[in-house]
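Asker: model the following, please.
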Amino acid sequence: MPGRAYWPTTADELRELQRALAADAPPPWRPGPGRVAARGCFVCFERGPGARAWAAAAVVRGERVLGRSVITGCAGHGYEAGLLALREGRLLEAAVRALPRRPDVLLVNATGRDHQRRAGLALHLGAVLELPTVGVTHRPLVAEGAWPASERGAHSPLRIGEEIVGCWLRTVPRARPLAVDAAWRTDVELARAVVLACAARVRTPEPLREARRAARTARGPA
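Answerer: Sure, this is the predicted structure:
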């Protein structure tokens, strides 16, 4: 894609950029030897338009938290499906850049290829930061697929039409699976492996869990 990824300020501009990001083909990321240092990011808001926001990021290797950051700001836009980058993009970028060390891969509480234009916030954020990313959500945005078997590690495809963009992944036996999808410089198989490695004991991958805890603690009671 010519030029650096950025955060548009209008819906039409964002849609155009999303199409360009979806068509780009950066070199795929492959993890090196040893444990991956994974970062997660999460944002929570007050209710209402123009609400205050608390965005947090955490970097974790194995079960060891290597750093956390929290920044405050305001929602950039009201919620609209497919346009989450207008609302959260700049906040999440600031939180990730505030961390003391650069991770290998970033887990984002948003979709990547599971998107109307195949370029959700998880993919967009990775392009801006120039970091491999994986989308992790509780339910798909556009894709569909049956749940997997009940054991840990079981997975089943999430499709938009005939295209596989992600998977349901069971990180804890019999618990509800997570929707995991490919994003910036990752494919579905690699995204699944990263999330499973980062969710050794609980359903939510540890980097996202730490970021969510930090954001909600900074916000205080909802």
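
Asker: identify the residues contacting stretch 18-33?
Answerer: For stretch 18-33, contacts defined as CB atoms under 8 Å, 6 or more residues apart in numbering pick out 1, 5, 85, 104-105, 113, 115, 117-119, 123-124, 127, 132, 184-187, 190, 194. (C-beta placed from N, C-alpha, C; glycine too.)

Asker: put the buried members of those into a ChimeraX selection.
Answerer: Burial among the contacts of stretch 18-33 is assessed by 16 or more other CB atoms under 10 Å; the matching ChimeraX selection reads:
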select :5,85,104,105,113,115,117,118,119,123,124,127,132,184,185,186,190,194
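
Asker: in helices, which of the contacts of stretch 18-33 fall?
Answerer: Of the contacts of stretch 18-33, the ones assigned to helices by DSSP state H are 85, 123-124, 127, 190, 194.

Asker: from these, pick the one nearest residue 59.
Answerer: Taking CB to CB as the measure, residue 59 lies nearest residue 194 of the ones in helices among the contacts of stretch 18-33, at 13.7 Å.

Asker: the closest one: what's it in contact with?
Answerer: Listed by CB under 8 Å, 6+ apart, the contact set of residue 194 reads 31, 36, 38, 105, 107, 134, 186.

Asker: any idea how far it is from residue 188?
Answerer: When distance is defined by CB to CB, to the nearest Å, residue 194 is 11 Å away from residue 188.

Asker: and the furthest pair within the ones in helices among the contacts of stretch 18-33?
Answerer: With CB to CB as the measure, no two of the ones in helices among the contacts of stretch 18-33 lie farther apart than 85 and 190, at 22.6 Å.

Asker: returning to that earlier point: between the contacts of residue 194, which sits nearest residue 51?
Answerer: The shortest approach to residue 51 among the contacts of residue 194 belongs to residue 107, at 24.1 Å (CB to CB).

Asker: the closest one: neighbour count?
Answerer: By other CB atoms under 10 Å, 32 other residues sit near residue 107.

Asker: what's the helix or strand for residue 200?
Answerer: Following DSSP states H and E, one finds residue 200 outside all helices and strands.

Asker: got a list of what it touches?
Answerer: Neighbouring residues of residue 200 by CB under 8 Å, 6+ apart: 63, 206.
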